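Visitor: For reference, the sequence and a predicted model appear below.
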Amino acid sequence: MKKEKIIKPTLPKGTRDFLPAQMLKREKVLNLIKSVFEKFGYDPLETPAFENLEVLSGKYGEEGERLIFKILKRGEELKEALKQKSFSEESTQQLSDLALRYDLTVPLCRVIAMYPNEIKLPFKRYQIQPVWRADRPQKGRYREFYQCDVDIVGSSSILADFEILQITNEILAQLGFTKFLIKINNRKILTGIVEYCGIEPGRGNEISIILDKLEKIGKGGIKKELQEKKISSKVTDKLLPVLEIQGSYQQILEKLRNYLKDSKIGIEGIKETEELFSYLEKSEIPKENYKLDLFLARGLEYYTGPIFESVVESPPIGSLTGGGRYDKLIGIFLGRDIPATGTTIGIERIIDAMTELSLLPEVKTKTEVLVTIFNPETKLNSLQIAEKLRRSGFKTEIYFGEKDGLRDQIGYANSKGIPLVIIIGPEEIKQNKIVIKNLKSGTQESISADELVDKVREILA
RNA sequence: GUGGGUGUAGCUCAACCUGGUUAGAGCAUCUGACUGUGGAUCAGAGGGUUGCGGGUUCAAUUCCCGUCACCCACCCCA
């Protein structure tokens, strides 16, 4: 083939191939996460990669809306839509009728609303699938990435939120993170603060996102951003003392209660938070793993109650998990509300973080044994040994390479990270023996053929 | 959507600021030392239109402009 005919192999930005070595790491993390989900009684669910556009739009706020990957209409419908004289931003709705899923929460809500007779409440499901966002990629951010969601649908109990936190804690701890922090807040508290300060209710979300930056930009920064948003200084003056609140969660909530005493919703949020923390305090979750953060906000519009997010100090990679309660979202599809809560475990960032912290050992293959073929006359002996090993449950490979010298075969096993090599040549066949070579230790021994399985088991143990 | 940085061998980078022989190194790959045995060592080999296009110049990897790609930060988020 001529050089100019080659299509340059490229990847769309923000997407990745996962070669075997990376897949083995991912699988390890995913299997652990899955086993924790199942330990708490959750069953799997999958939904299509794309949904009808109307299912997704209007759920993620203005910013999220822009990041939805829309799919162009096809065939006659596209031709029809293209007949418009001019196109505006709104016309994307007419050119597109489908979109790639943006998260797993909205599809879950759609499912709940679609199968009221099949799904028994409370419904506990986990879902591990890719989602797509038309974002600009950067560290820890991709345009195609996997989310691992756990949710409980049909319970308004704070115990459900507590269980989500238990799961989050257990997963992060089991993965080997020692210093992580689950930040906890309540959307109702944020609403209460907004009410107390006299900010118009419609701007609550916008303002709480600014408050969320407290740690990052400090009080001065917040003041400045509020000014830019044309928030009156009267409001800011009322807000600043609230930003000062510190102490144990009891102290924080006590002080907050004074400020929010006239906000019915604010008091509700405080009560929920007290209840949630009372469970946490009595649980096995170490106190240093969680913290009340009055200004934690989540950009997604659909949260209504407790909200949470977990972070690690290093490496700096944003949040590893994020979730909360969304009691009104299912109602959009069903016509009546069903309470729900859950979280996303951000596996991409978890893997990136674990890689940086060297928490994921390099594994090149899962293969345990390579059976070499000495020469054409002995190949049947090799095949029989391979079959025997597989029957005993060992991951066993036979060498198929073009270069078939013993040195090439052992070199292949070495570079691929296969720990054991079986050699069976004319000598061994004559004596009913097998040479078993341990590439890790560099030792090898000649054993009788019927010792093989036990010996392999012993070395691999 | 806004701002910044970087593009040189398969990978990580050097040479660029201050233009001047055949653009180097490490790792990786291949060959041999090694006729039934990997890693280590030694000897050798292959691999480049310096992202692309244009400009300045006797001369451009080097300076200038454009363009594309990637990375980083902001916004927002996992």
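Guide: Received the coordinates, thanks.
Visitor: which stretches of chain A have low pLDDT?
Guide: A:1-7, A:85, A:88-91, A:299-300 (pLDDT under 70).
Visitor: Next up, the contacts around the residue most central in space within chain A.
Guide: Centrality entry for chain A: nearest residue to the mean C-alpha point is A:Gly346, 2.6 Å, by Cα atoms, centre = their mean. Neighbouring residues of A:Gly346 by Cβ atoms under 8 Å, 6 or more residues apart in numbering: A:Phe145, A:Gln147, A:Cys148, A:Ser319, A:Leu320, A:Thr321, A:Gly322. (C-beta placed from N, C-alpha, C; glycine too.)
Visitor: just A:Arg141 next, same as before
Guide: Per Cβ under 8 Å, 6+ apart, neighbours of A:Arg141: A:Gly14, A:Asp135, A:Gly318.
Visitor: how does chain A divide into domains?
Guide: A:20-67+A:102-356, A:369-460 (automatic domain parsing).
Visitor: Please identify the most buried of the ones you listed.
Guide: Among the domains of chain A, ranked by average contacts under mean count of other Cβ atoms under 10 Å, first place goes to domain A:20-67+A:102-356 (a mean of 18).
Visitor: Could you work out the end-to-end span of that one for me?
Guide: One end of domain A:20-67+A:102-356 sits 19 Å from the other (Cα to Cα, to the nearest Å).
Visitor: Kindly report the same for stretch A:98-118.
Guide: 26 Å.
Visitor: Can you show me the strands along the stretch 1-150 of chain A?
Guide: Along the stretch 1-150 of chain A, counting by DSSP state E, counting those that start in this stretch, strands occupy A:43-44, A:50-52, A:70-72, A:96-100, A:123-132, A:144-153.
Visitor: JSON lines for those strands, including distance to RNA strand B?
Guide: Formatted as JSON lines, these follow (distance: least, Cβ to the nearest atom of the strand, whole Å):
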{"stretch": "strand A:43-44", "distance to RNA strand B": "19"}
{"stretch": "strand A:50-52", "distance to RNA strand B": "17"}
{"stretch": "strand A:70-72", "distance to RNA strand B": "13"}
{"stretch": "strand A:96-100", "distance to RNA strand B": "13"}
{"stretch": "strand A:123-132", "distance to RNA strand B": "8"}
{"stretch": "strand A:144-153", "distance to RNA strand B": "4"}
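Visitor: For those strands, could you give me a markdown table that also reports distance to A:Arg336?
Guide: Converted to a markdown table, the strands of the stretch 1-150 of chain A look like this (distance: least, Cβ to Cβ, whole Å):
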| stretch | distance to A:Arg336 |
| --- | --- |
| strand A:43-44 | 24 |
| strand A:50-52 | 21 |
| strand A:70-72 | 30 |
| strand A:96-100 | 26 |
| strand A:123-132 | 16 |
| strand A:144-153 | 13 |
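Visitor: Nearest to A:Glu215 among these would be which one?
Guide: strand A:144-153 (24.9 Å; Cβ to Cβ).
Visitor: What is the closest one packed up against?
Guide: The contact analysis (3 or more Cβ pairs under 8 Å, 6 or more residues apart in numbering; DSSP states H and E) places strand A:144-153 against helix A:20-39, helix A:105-114, strand A:123-132, helix A:158-175, strand A:340-345, helix A:347-356.
Visitor: Find the nearest non-adjacent residue to the residue in the stretch 51-200 of chain A that RNA strand B sits nearest to, please.
Guide: Of all residues in the stretch 51-200 of chain A, A:Lys139 sits closest to RNA strand B, at 3.2 Å by Cβ to the nearest atom of the strand. What sits nearest to A:Lys139 in space, not counting adjacent residues and going by Cβ to Cβ, 6 or more residues apart in numbering, is A:Ile317, at 6.6 Å.
Visitor: can you put the contacts of A:Arg141 in CSV and add distance to RNA strand B?
Guide: Converted to CSV, the contacts of A:Arg141 look like this (distance: Cβ to the nearest atom of the strand, whole Å):
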residue, distance to RNA strand B
A:Gly14, 7
A:Asp135, 5
A:Gly318, 4
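Visitor: Quick check: of those residues, which lies closest to A:Leu32?
Guide: When the contacts of A:Arg141 are compared against A:Leu32 (criterion: Cβ to Cβ), the nearest one is A:Gly318, at 21.2 Å.
Visitor: hang on, that closest one packs against A:Arg349?
Guide: Yes. Counting by Cβ atoms under 8 Å, A:Arg349 is a contact partner of A:Gly318 at 6.4 Å.
Visitor: what sits in contact with each of the two?
Guide: Here A:Gly318 and A:Arg349 have A:Gly140 as joint contacts, going by Cβ under 8 Å, 6+ apart.
Visitor: Which one of the strands of the stretch 1-150 of chain A lies nearest to A:Arg391?
Guide: strand A:43-44 (31.0 Å).
Visitor: just the contacts of A:Gly346 now: which is nearest A:Phe394?
Guide: Distances from A:Phe394 to the contacts of A:Gly346, taken by Cβ to Cβ, are shortest for A:Cys148, at 31.0 Å.
Visitor: Can you tell me who the nearest residue to that closest one once chain neighbours are set aside pairs with across the strands?
Guide: The spatially closest residue to A:Cys148, leaving aside those adjacent along the chain, is A:Ile345, at 4.1 Å (Cβ to Cβ, 6+ apart). A:Ile345 has the following beta-bridge partners by DSSP bridges: A:Cys148, A:Thr321.
Visitor: Return the alpha-carbon coordinates of stretch A:152-171 using PDB.
Guide: C-alpha atoms of stretch A:152-171 as PDB (Å, rounded to 0.1, in the frame of the first residue of the first chain):
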ATOM      1  CA  ILE A 152     -31.800   4.200  45.900                       C
ATOM      2  CA  VAL A 153     -35.200   5.200  44.400                       C
ATOM      3  CA  GLY A 154     -38.400   5.300  46.500                       C
ATOM      4  CA  SER A 155     -37.000   6.200  49.900                       C
ATOM      5  CA  SER A 156     -37.100   9.600  51.500                       C
ATOM      6  CA  SER A 157     -35.300   8.300  54.500                       C
ATOM      7  CA  ILE A 158     -32.100  10.000  55.400                       C
ATOM      8  CA  LEU A 159     -30.900   6.500  56.100                       C
ATOM      9  CA  ALA A 160     -30.700   6.000  52.300                       C
ATOM     10  CA  ASP A 161     -28.400   9.000  52.000                       C
ATOM     11  CA  PHE A 162     -26.300   7.600  54.900                       C
ATOM     12  CA  GLU A 163     -26.000   4.300  53.000                       C
ATOM     13  CA  ILE A 164     -24.700   6.100  49.900                       C
ATOM     14  CA  LEU A 165     -22.000   7.700  52.100                       C
ATOM     15  CA  GLN A 166     -21.200   4.300  53.600                       C
ATOM     16  CA  ILE A 167     -20.700   2.900  50.200                       C
ATOM     17  CA  THR A 168     -18.600   5.900  49.100                       C
ATOM     18  CA  ASN A 169     -16.400   5.600  52.100                       C
ATOM     19  CA  GLU A 170     -16.000   1.800  51.700                       C
ATOM     20  CA  ILE A 171     -15.100   2.100  48.100                       C
END
